[in-house]
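J.: Next come a sequence and a model predicted from it.
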Amino acid sequence: MVFGLIKKMFGGNDTPAPAPSPISSRAPTSATPATSALGAAPGQAGFVAGTPVDTMLQREIVLDRELKVVGYDFRLRESVLKRKSKIPHSVWKLYDEVLLRNFIAEESSKAFGQKRIFLEISVWSLDSPLLRKLPRGRFVLMLHYDAEFFRDPMAQAELLKQVKADGFQLGFDNFPFDPPLLPLFSIADYHKLSVTDKDVTELSKAISATAHAAPDAELLVGDIHFFEELQVCRQLQVHFLQGSYLRRKEISEADAVDASYLRLLEVLNLVRTEAEPTVIANAMKYDPMLSFKLLRYVNSPGSGLLAKVDTLDRAMIVLGHKQLYRWLTLLLFSHERQDGDHNILLETSLLRGRIMETLGGKRFKRDELDLLFTTGMFSMLEALLRQPMDKILEKLNLPAAVNEALLYQRGPYGGMLALALACEDGDLPDDPALFEAAGVTQTEANRAQIEALLWVEEVV
């Protein structure tokens, strides 16, 4: 997979930055917010009854039991969701509007391939005209239970069925097992259960009860925050898994990194310092698989070479230092792992790198955009190597600005990295300082997330 990915991303030695998608190229500046026939641009709904509805979206990965990324769940940040229980239905709809507007443009969904896009909205937005603006067949509307809305559950059955007839799938998020509600369970395409406050026995019973009430639905376990929880949930009779476990992977203080990773780090250092091709080739020859993969990539049909490359040092000359460095970086994250989570690590690292590269486009020069991309990708090294970042960086020869961002989220790239990480962390508040440090608006951050997802979907 990594060979086709590299070709699409970096075709040549001096390949320019990937062209922005239609979304990012039309993104409004903070000084001139765009409007449409539907009103304000995404994330610019303003204030209603003193409640701010301008917020950054949070996303979480959705995996199958083989730990392959099958979709993404988008919601408003936890700080916003906590307020929503205390505000009127009309303001709930405004919050949902912020979420939905980011996906209205056709370009924001057509490139997602087979990945599902889960949008967490309130039941009060099921009749929203914005839903009719979304492309059909791609989105799952994840509904949270509302006692007032479901006071007479069967009275809502026709509305739920109509939403499905309009081309959406429906998900019930932790709906209670109340007898009057159970007849509606079969309408939902997905049922989400939370691992929070349940032991394995209780969760297993809840899964069985849900499967009995909705035998054709797919079951998803959410709120998985630790790798051990993930491994346990993989053994249950569920289809999908969701949570933030990557942010909380335990690291080891022991200085023990797999030998194959150490070899890759060593070669990365040599490439970074633009060592002679013969020196780099000599370092690679001790890892036959690495050498084989490089020669296979250089000689792949898509490379366009007229003559076969038979030696490592010749391969170095053909690729050049910049493309070789990115190829090795991607190889680092696509390396088969005992944990089985290399797909998650690769996609997440690419997303972080692309978000930083996109947001930095109006502040940094091309060479620095490469460093922003590298910073985003290398922010996943702790999860990859399960080592503290300071120990990892001792093994790498990176510019001081990259080290400062990775260690302290400071320096010229620190604000961008903090923002890229915040997209995945719903526990963080909506702090204006976060956006000021990165020099972007919340609208631009939301659009960058979606653009990055489209780009990753194209290249992976």
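T.: Received the coordinates, thanks. Keep in mind the model is a prediction, meaning the values are calculated, not measured.
J.: Helix or strand: which one has residue 172?
T.: Take DSSP states H and E as the rule and residue 172 turns out to sit in strand 169-173.
J.: and what of residue 309?
T.: Using DSSP H and E, residue 309 falls outside every helix and strand.
J.: how about it, phi and psi?
T.: With angles defined as degrees, to the nearest 10, residue 309 sits at phi -100, psi 120.
J.: Could you count how many residues lie near it?
T.: Residues lying near residue 309 (other Cβ atoms under 10 Å) number 19. (Glycine included, C-beta is placed from N, CA and C.)
J.: got it, and the one 4 residues further on?
T.: For residue 313, the neighbour count with other Cβ under 10 Å is 17.
J.: returning to that earlier point: the strand holding residue 172 packs against which elements?
T.: With contacts taken as 3 or more Cβ pairs under 8 Å, 6 or more residues apart in numbering; DSSP states H and E, strand 169-173 sits against strand 116-121, strand 139-144, helix 157-165, strand 190-194.
J.: What pairs with it, parallel or antiparallel?
T.: Applying DSSP bridges, strand 169-173 is found paired with strand 139-144 (parallel), strand 190-194 (parallel).
J.: what does it rub up against?
T.: 116, 118, 120, 139-145, 160, 163-164, 184-185, 187-192, 220, 222 (Cβ atoms under 8 Å, 6 or more residues apart in numbering).
J.: cool, and stretch 130-141?
T.: Residues contacting stretch 130-141 (Cβ under 8 Å, 6+ apart): 38, 71, 96-97, 100-101, 103-104, 106, 109-110, 112, 116-119, 121, 125-126, 163, 166-171, 189-190.
J.: And for stretch 402-411?
T.: Outside stretch 402-411, the residues that touch it by Cβ under 8 Å, 6+ apart are 371, 374-375, 378-379, 381, 389-390, 393, 398, 400-401, 412-418, 421.
J.: Count residues in the vicinity of residue 402, would you?
T.: 21.
J.: and it, what helix or strand is that in?
T.: With secondary structure defined by DSSP H and E, residue 402 is part of helix 400-408.
J.: For that helix, buried residues please.
T.: 401-406 (16 or more other Cβ atoms under 10 Å).
J.: repeat for stretch 419-428
T.: 419-424, 426, 428.
J.: Check stretch 377-386 too.
T.: 377-386.
J.: What separation do you get for residue 399 and residue 391?
T.: Separation of residue 399 from residue 391 (Cβ to Cβ, to the nearest Å): 18 Å.
J.: wait, I meant residue 115
T.: Residue 115 is 34 Å from residue 391, by Cβ to Cβ.
J.: first to last residue in stretch 147-163, what's the distance?
T.: In stretch 147-163, first residue to last residue: 20 Å (Cα to Cα, to the nearest Å).
J.: Kindly provide the whole-number mean pLDDT of that stretch.
T.: Averaging pLDDT along stretch 147-163 gives 95.
J.: Can you give the contact residues for that stretch?
T.: Stretch 147-163 is touched from outside by 123-124, 126-127, 131, 141, 170, 180-181, 183-184, 187, with contacts defined as Cβ under 8 Å, 6+ apart.
J.: Out of these, which is nearest to residue 350?
T.: Closest approach to residue 350 among the contacts of stretch 147-163 (Cβ to Cβ): residue 141, at 27.1 Å.
J.: circling back: list buried residues within the contacts of stretch 402-411.
T.: Buried members of these, counted by 16+ other Cβ under 10 Å: 371, 374-375, 378-379, 381, 389, 393, 398, 401, 412-418, 421.
J.: How about the contacts made by residue 262?
T.: Contacts of residue 262 by Cβ under 8 Å, 6+ apart are residue 395.
J.: Check the secondary structure at it for me.
T.: helix (DSSP: H, G, I helix; E, B strand; the rest coil).
J.: Tell me the confidence at it?
T.: Residue 262 is assigned a predicted lDDT (pLDDT) of 85.
J.: same deal with residue 196?
T.: On pLDDT, residue 196 comes in at 88.
J.: out of the helices and strands packed on strand 169-173, nearest to residue 450?
T.: Minimum separation from residue 450 across the helices and strands packed on strand 169-173 (Cβ to Cβ) falls at strand 116-121, 9.5 Å.
J.: Note down every partner strand of the closest one and its orientation.
T.: Strand pairing for strand 116-121, determined by DSSP bridges: strand 69-76 (parallel), strand 139-144 (parallel).
J.: coming back round to it: so for residue 115 and residue 391, which residue has more residues nearby?
T.: For residue 115 versus residue 391, the count of surrounding residues by other Cβ under 10 Å is larger for residue 115: 19 against 16.
J.: Residue 457 is in contact with the more buried one, correct?
T.: Yes: under the criterion of Cβ atoms under 8 Å, residue 115 makes contact with residue 457 at 6.3 Å.
J.: how near is the residue of the chain positioned farthest from its centre to residue 293?
T.: What lies farthest from the middle of the chain is residue 307; by Cα atoms, centre = their mean that is 39.1 Å. Applying Cβ to Cβ, the value for residue 307 to residue 293 is 20 Å.
J.: Next: residue 132.
T.: Residue 132 sits 48 Å away from residue 293, taking Cβ to Cβ as the criterion.
J.: Who has more neighbours out of these two?
T.: Legend: neighbour count by other Cβ under 10 Å for residue 132 and residue 293, higher for residue 293 (18 against 10).
J.: Tell me the spatial nearest neighbour of the more buried one, not counting adjacent residues.
T.: residue 331 (6.8 Å; Cβ to Cβ, 6 or more residues apart in numbering).
J.: same deal with residue 397?
T.: Distance criterion Cβ to Cβ, 6+ apart; nearest residue to residue 397, sequence neighbours excluded, is residue 269 at 4.4 Å.
J.: quick one: contacts for that neighbour?
T.: 395-397.
J.: Dump those to CSV, plus neighbour count.
T.: Output for the contacts of residue 269, formatted as CSV (neighbours: other Cβ atoms under 10 Å):
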residue, neighbour count
395, 17
396, 16
397, 13
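J.: Would you format these as JSON lines with secondary structure, pLDDT and distance to residue 206 included?
T.: Formatted as JSON lines, the contacts of residue 269 follow (DSSP: H, G, I helix; E, B strand; the rest coil; pLDDT from 0 to 100; distance: Cβ to Cβ, whole Å):
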{"residue": "395", "secondary structure": "coil", "pLDDT": "90", "distance to residue 206": "45"}
{"residue": "396", "secondary structure": "coil", "pLDDT": "91", "distance to residue 206": "45"}
{"residue": "397", "secondary structure": "coil", "pLDDT": "89", "distance to residue 206": "51"}
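J.: mind checking pLDDT for the residue nearest to residue 293?
T.: 88.
J.: That one and residue 191, how far apart?
T.: Separation of residue 331 from residue 191 (Cβ to Cβ) stands at 39 Å.
J.: Right, I'll leave it there.
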